[in-house]
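>>> got a sequence here, can you build the structure:
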Amino acid sequence: MPATLNDTSNREIVISRLLNAPRQLVWDAWTKPEHFSRWFGTEAVNVPLESVVMDVRPGGKLAATMDFGGGNTMEWFGEYRLVDRPSRLEYVLSDGAPIEGIENVVTTFEEVEGGTEVTIFQPRYGFTDEQMEATVEGYNTFFDALEDVVASIK
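Sure thing, here's the model as predicted:
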């Protein structure tokens, strides 16, 4: 089931997906490098495990390299601001801009009937409608890959 965009206000993007798995398992898939490298890359992009840094604690670093092939890469880096295992993460993530002054992305993991609802609250950053569509498409691709990862580690 595709992630749904719950809010298109000028301030925040809210996207949710229900995953058929226990919350701790979904948390592990989200926060362990060996799983993160699989879903963050999706089928189309390689995220080498050795490029992933996930020090999941307040002040801990987050980094990954997306390898698109042909020498094209994108470096991601960030920092965890709040970690409330296994229900909430607050972090900043950037593909080049300094992280100072960037608003937190918040990801929640809520136990619900049928599994775990993952909700991402992301500042809109002044995105155009076209960028919003691309963001939703990107999150759906991540969530599709995350579902596959969760199924493989059940």
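
>>> going forward, measure contacts and count neighbours with C-alpha atoms only.
Noted.

>>> now do the biggest helix by length in the chain, average pLDDT.
Longest helix in the chain by number of residues (criterion: DSSP state H): helix 129-153. Mean per-residue pLDDT for helix 129-153: 89.

>>> now do that helix: which elements does it pack against?
Using 3 or more CA pairs under 8 Å, 6 or more residues apart in numbering; DSSP states H and E, the elements in contact with helix 129-153 are strand 12-19, helix 23-31, helix 33-41.

>>> again, only using 10 Å
strand 4-8, strand 12-19, helix 23-31, helix 33-41 (3 or more CA pairs under 10 Å, 6 or more residues apart in numbering; DSSP states H and E).

>>> got a list of contacts for it?
Residues outside helix 129-153 that contact it (CA atoms under 10 Å, 6 or more residues apart in numbering) are 1-5, 8, 13-22, 25-30, 35-36, 38-44, 118, 120, 124, 126-128.

>>> got the buried residues for that helix?
With burial defined by 16 or more other CA atoms under 10 Å, the residues of helix 129-153 counted as buried are 132, 135-136, 139-147, 149-150.

>>> can you name the next helix or strand after the longest strand along the chain?
Counting residues, the longest strand in the chain under DSSP state E turns out to be strand 72-84. As assigned by DSSP states H and E, the chain's next helix or strand after strand 72-84 is strand 88-94.
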